[in-house]
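A.B. asks: 3D, please:
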Amino acid sequence: MKRHDDPKCGVCATPQFERNNYFYGKQFTVRDLLQEQSYFNDKRYLINRMVLGWGVVCGLEVSWDPRGEKLVVTPGMALDCCGREIVICEDKRLSFDKNDEDCCLEDDQRPEGKFVLCLEYNECHAEPIDLPPAGCDEKGKREYNRIRETYKLRLKPWDEACPKQPPKEVECPDYYKHDALNDGPYPPQSCQSPNVHQFLCGKLKNCPECEGCDCVILATITFPPKQGGGYQDPKQGGGYQDPKQGGGYQDPKQGGGYQDPKQGGGYQDTIVDSCTNRKFVYNNTLLYDLINCYHGDLPHIVDFSWRQYAYPGREMSFDEFLKMIIEGVTVYFDREMAEESLNIHTFLIAYLYRETGTGTYVRKQIPVESILSGKDRDCYKATLYARPDWIKDELETPNSELRADTRYEPGVDVEIILRGSRIWSADGKGLDGEYLADKLPTGNGTQGGDFVDWFRVMPAEEKPKGKSYEGQF
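C.D. replies: All right, here's what the predicted structure looks like:
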């Protein structure tokens, strides 16, 4: 059976698990009953440390009480690096006065410099029982009816606590990427990139071990150096003297020791950082909240008005295009959107016109009269209306660039773009607009993807008479 203070907590801390085999007539000894407890405890600890990890599960906030000049640790739970559960069920106040029962300093420590507050698993015996002598000329002995699982809170110097500062850099799945500016073989020797499964195979080659100096760090405490009085160096003959003798922890009213911060003394500059060096256990609830915060309930595009005309061949006639522009180009969302985020900078329609002679593509953006948005049944829609004068002078003229451009190829390409990084829902989530493989609703689970689609307007058979819209762009 493994001792509770054994620091070795790797995957093989218990090399082989054995459990009792019950049969009629089996004689139970202390060893058998201890083994029964050990089997289930060690199994649970193994799952805790290898599957859940270790660190703070919840609570255990640390703050500084300037009036009482004590650290205060709130109730909470943690798992240590061996997978053992540590629970604090009421506020714990920690003193730096070695005359106090709740002092968290070691004998040779002084509250100056940088420390970490460590939470450690501990066991103690409870319910003492005095046993009578077992035979003649023997003495009775004391045993304990219970083993109580408890904890210890103590300060460790910064250098001894082994906090990961700065935190260990985690290798991400894109580790294989390289700077394109660097020299390399061309063409590449292989075009295959590692997938997520291959990455995880590499991450799981080794099992995590519990380092000897690991502890559940609740906070980093920084004490300023004291000027005169208060904590004297034991080696200099002062030591931690009786406050009544004028040394050590002096009466605050006499000008030494823990003075009122408002009077210029005491630990008014004590800094408690209960976040930076904390290690967390990412339980299911916390992981859900993280995923939901960044990826949950994102707005998506669920449909658009040009699909009825242009799909599946991504072509529409000029008359259909004219009808759609007059009625307004509409996009449907599955979440209520922030109206101000749908504007001429984020909802864009343009066509690609080729110049005569060079054949160069010129992107011309359709001028917008307004973009109106609002609820429609269980949808939210935004409709873009082009300027009426542009419709009249460009689309209803015989020389329209969109109507009859057949110099290089039949028709003109039209692009529609919604900038997902600048469009958001009413609750502040960015549009998940990536239009992947023509699948609706859009999205890849990430905020801010741009929606891009296109189609070709085929030339009209007849040209109406009208004024040319020349020089407008």
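A.B. asks: dump the residue contacts of the residue nearest to residue 367 when sequence neighbours are not counted.
C.D. replies: Nearest residue to residue 367 in three dimensions, chain neighbours excluded: residue 387, at 4.5 Å (Cβ to Cβ, 6 or more residues apart in numbering). All C-beta atoms are positioned from the backbone trio N, CA, C, and that covers glycine. By Cβ atoms under 8 Å, 6 or more residues apart in numbering, the residues touching residue 387 are 367-369.
A.B. asks: quick one: which of these sit in strands?
C.D. replies: 368-369 (DSSP state E).
A.B. asks: so which of the contacts of residue 387 wins on neighbours?
C.D. replies: residue 368 (18 neighbours; other Cβ atoms under 10 Å).
A.B. asks: just checking, it touches residue 388?
C.D. replies: No: in this structure residue 368 lies outside contact range of residue 388 using Cβ atoms under 8 Å: 11.4 Å.
A.B. asks: for residue 310, give me the pLDDT.
C.D. replies: With respect to pLDDT, residue 310 scores 93.
A.B. asks: now it: how far from residue 361?
C.D. replies: 20 Å (Cβ to Cβ, to the nearest Å).
A.B. asks: show me which of the two is the more surrounded one.
C.D. replies: residue 310 (22 against 13).
A.B. asks: in contact with the more buried one, which residues?
C.D. replies: Counted by Cβ under 8 Å, 6+ apart, residue 310 has contacts 316, 455.
A.B. asks: gap between it and residue 438?
C.D. replies: 12 Å.
A.B. asks: and for residue 48?
C.D. replies: 46 Å.
A.B. asks: neighbour-wise, which of those two wins?
C.D. replies: More neighbours surround residue 48 than the other of residue 48 and residue 438, with 19 against 11 (other Cβ under 10 Å).
A.B. asks: quick one, what contacts the more buried one?
C.D. replies: 54, 79, 83-85.
A.B. asks: ok, longest helix in this structure?
C.D. replies: helix 30-47 (DSSP state H).
A.B. asks: list the buried ones in the helix or strand following that one?
C.D. replies: Following helix 30-47 in sequence order, the next helix or strand is strand 55-59 (DSSP states H and E). Going by neighbour count (16 or more other Cβ atoms under 10 Å), the buried part of strand 55-59 is 55-57.
A.B. asks: got the angle for the lengthiest strand in the chain vs strand 55-59?
C.D. replies: In the chain, with assignment by DSSP E, the single longest strand is strand 113-131. Relative orientation of strand 113-131 versus strand 55-59 (axes from the mean of the first three to the mean of the last three Cα atoms, to 10 degrees): 80 degrees.
A.B. asks: what residues of strand 113-131 count as buried?
C.D. replies: Buried, per 16+ other Cβ under 10 Å, within strand 113-131: 115-121.
A.B. asks: for the most centrally placed residue in the chain, what are its contacts?
C.D. replies: For the chain, the residue nearest the mean C-alpha position is residue 290 (5.4 Å; Cα atoms, centre = their mean). The neighbours of residue 290, taking Cβ under 8 Å, 6+ apart as the test, are residue 282.
A.B. asks: list the buried ones in the strand or helix carrying it?
C.D. replies: For residue 290, the enclosing helix or strand under DSSP H and E is helix 284-295. Residues of helix 284-295 include none that count as buried (16+ other Cβ under 10 Å).
A.B. asks: where along the stretch 101-250 of the chain do the helices fall?
C.D. replies: Using DSSP state H, counting those that start in this stretch, the helices found in the stretch 101-250 of the chain span residues 158-161, 196-203.
A.B. asks: can you redo those as TSV with mean pLDDT and distance to residue 317?
C.D. replies: Output for the helices of the stretch 101-250 of the chain, formatted as TSV (pLDDT from 0 to 100; distance: least, Cβ to Cβ, whole Å):
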stretch	mean pLDDT	distance to residue 317
helix 158-161	78	74
helix 196-203	78	45
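A.B. asks: kindly reformat the buried residues of strand 113-131 as a markdown table containing pLDDT.
C.D. replies: Listed next are those as a markdown table, based on pLDDT from 0 to 100:
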| residue | pLDDT |
| --- | --- |
| 115 | 88 |
| 116 | 90 |
| 117 | 92 |
| 118 | 91 |
| 119 | 93 |
| 120 | 92 |
| 121 | 93 |
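A.B. asks: and which of those residues is nearest to residue 221?
C.D. replies: Nearest to residue 221 among those: residue 115, at 4.9 Å, using Cβ to Cβ.
A.B. asks: grab the nearest non-local neighbour of that closest one.
C.D. replies: In space, residue 115 is closest to residue 155, 4.3 Å off (Cβ to Cβ, 6+ apart).
A.B. asks: check contacts around that neighbour.
C.D. replies: 104-106, 109, 111, 115-118, 221.
A.B. asks: swap in residue 336?
C.D. replies: Counted by Cβ under 8 Å, 6+ apart, residue 336 has contacts 375, 380, 425-426.
A.B. asks: greatest separation within those: which pair is it?
C.D. replies: 375 and 425 (12.8 Å).
A.B. asks: looking at those two, which has the bigger crowd around it?
C.D. replies: residue 425 (22 against 10).
A.B. asks: distance check, that one against residue 380.
C.D. replies: From residue 425 to residue 380 the distance is 9 Å (Cβ to Cβ).
A.B. asks: and the residue lying closest to residue 379 once chain neighbours are set aside, which of the three is it?
C.D. replies: Nearest residue to residue 379, sequence neighbours excluded (Cβ to Cβ, 6+ apart): residue 332, at 4.7 Å. At residue 332 the chain is in strand, as set by DSSP: H, G, I helix; E, B strand; the rest coil.
A.B. asks: who is residue 332 paired with across the strands?
C.D. replies: Partner residues in beta bridges with residue 332, using DSSP bridges, are residue 303, residue 381.
A.B. asks: equivalent analysis for residue 122, please.
C.D. replies: residue 150.
A.B. asks: then the one 4 residues further on?
C.D. replies: Applying DSSP bridges to residue 126 gives these bridge partners: residue 146.
A.B. asks: and it, how far from residue 367?
C.D. replies: 82 Å.
A.B. asks: please apply the same query to residue 456.
C.D. replies: Applying Cβ to Cβ to residue 456 and residue 367 gives a distance of 21 Å.
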